[in-house]
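**Q** From the sequence below, what's the structure:
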Amino acid sequence: MNLLTLDFGNTNAKAALFRHGEMKESGLLADVPSWLKKHSLTFGEVQAVLAQVKPYDKELETLEHQGLLIDRIKTYWRGEKFAGLKVNYAQTLGEDRLVAAYWAKKNLTGATLLIGAGTYFTIDVVSDGLEGGYIMPGLKLLGEDLAQGAQLQGPTFETIAKDLLTGQDLPHDTLTALNGPVIAYAALIQKLLIRWSPAQVVVSGGQCVVVEGWLKTLTPSLPLHVRPDLVHYALSDWYQRNIVG
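**A** Numbering: from 1, shown residues only. Down below sits the predicted model:
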């Protein structure tokens, strides 16, 4: 089976091409025609599944006019349940977070802390179902905002000492002080780790490597899964289980 997974996020419309369950390509939606040509496929020979946060109506209409059949997550999202997953959240929940939670419940054992490090920074708890979570500015947005001050250089949020992450020490220079917001993020992650005792943490999104560094400092013994393309794999998994059967 040939499947296109479409992730229409806050910043970009992204896509991935799966063939027989294996990801062959991933990138921007604009890359899809070149992928199909490379693999000798037409739009009519490919199925698609869409998780949508921001509308890209013009792009979507173009795909459909070219013969692409698209299953939309929103069609199957019933509020309190999604494909058997209990959802303790209003139906305004982003479809990317929804399918990621579904993937965690189906593929991992025990409670999971899901961290999405993209345009926005999300932290969700999956236990009996999706229990709820937080949304905060993403690291890129934070860095750009903090760089607005006179004579300030935007922080990268990468190398932060353990005593700073845990609140045992205070910053003693301006560049270190600018890491303050993510120290607060780390404190919230710690709180959730204590409250829910997850069996693992899953990190996705474009800044997942930065967050991986914090977590290795905070919880070196806790299993950590770094999945930059988690939404695409989650969409593929959901499609295989619920549409293909």
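**Q** For residue 128, which non-adjacent residue is closest in space?
**A** Here the nearest residue to residue 128 in space, its sequence neighbours aside, is residue 86; by Cβ to Cβ, 6 or more residues apart in numbering that works out to 6.1 Å. No exception for glycine: its C-beta is placed from N, CA and C like everyone else's.
**Q** can I assume residue 17 is in contact with residue 27?
**A** No: contact criterion Cβ atoms under 8 Å: residue 17 and residue 27 do not qualify, at 9.4 Å.
**Q** Neighbour count: the two, which is higher?
**A** residue 17 (24 against 14; other Cβ atoms under 10 Å).
**Q** how about residue 87, what does it touch?
**A** By Cβ atoms under 8 Å, 6 or more residues apart in numbering, the residues touching residue 87 are 79, 80, 81, 93, 98, 101, 129, 130.
**Q** Ok, residue 94 next?
**A** So residue 94 contacts 53, 122 (Cβ under 8 Å, 6+ apart).
**Q** With residue 40 as the reference, measure out to it.
**A** According to Cβ to Cβ, to the nearest Å, residue 94 and residue 40 sit 35 Å apart.
**Q** can you check residue 191 too?
**A** The spacing between residue 191 and residue 40, counted by Cβ to Cβ, is 51 Å.
**Q** pLDDT wise, what is the most centrally placed residue in the chain at?
**A** Centre of the chain computed as the mean C-alpha position; nearest residue by Cα atoms, centre = their mean is residue 116, 4.1 Å away. Looking at residue 116, its pLDDT reads 97.
**Q** do the same with the one 5 residues further on
**A** The model reports residue 121 with a pLDDT of 96.
**Q** so it makes contact with residue 184?
**A** No: Residue 121 is beyond contact range of residue 184, at 10.9 Å (criterion: Cβ under 8 Å).
**Q** higher neighbour count, those two?
**A** Counted by other Cβ under 10 Å, residue 121 and residue 184 do not tie: residue 121 has more neighbours, with 24 against 12.
**Q** strand partners of the strand or helix carrying the more buried one, parallel vs antiparallel please.
**A** Using DSSP states H and E, residue 121 sits in strand 120-126. Strand pairing for strand 120-126, using DSSP bridges, gives strand 112-117 (antiparallel), strand 130-137 (antiparallel).
**Q** Report how many residues lie close to the residue nearest to residue 128.
**A** 16.
**Q** State which helix of this protein is the longest.
**A** helix 180-196 (DSSP state H).
**Q** Measure how that one sits relative to strand 130-137, angle-wise.
**A** Counting by axes from the mean of the first three to the mean of the last three Cα atoms, to 10 degrees, helix 180-196 lies at 170 degrees to strand 130-137.
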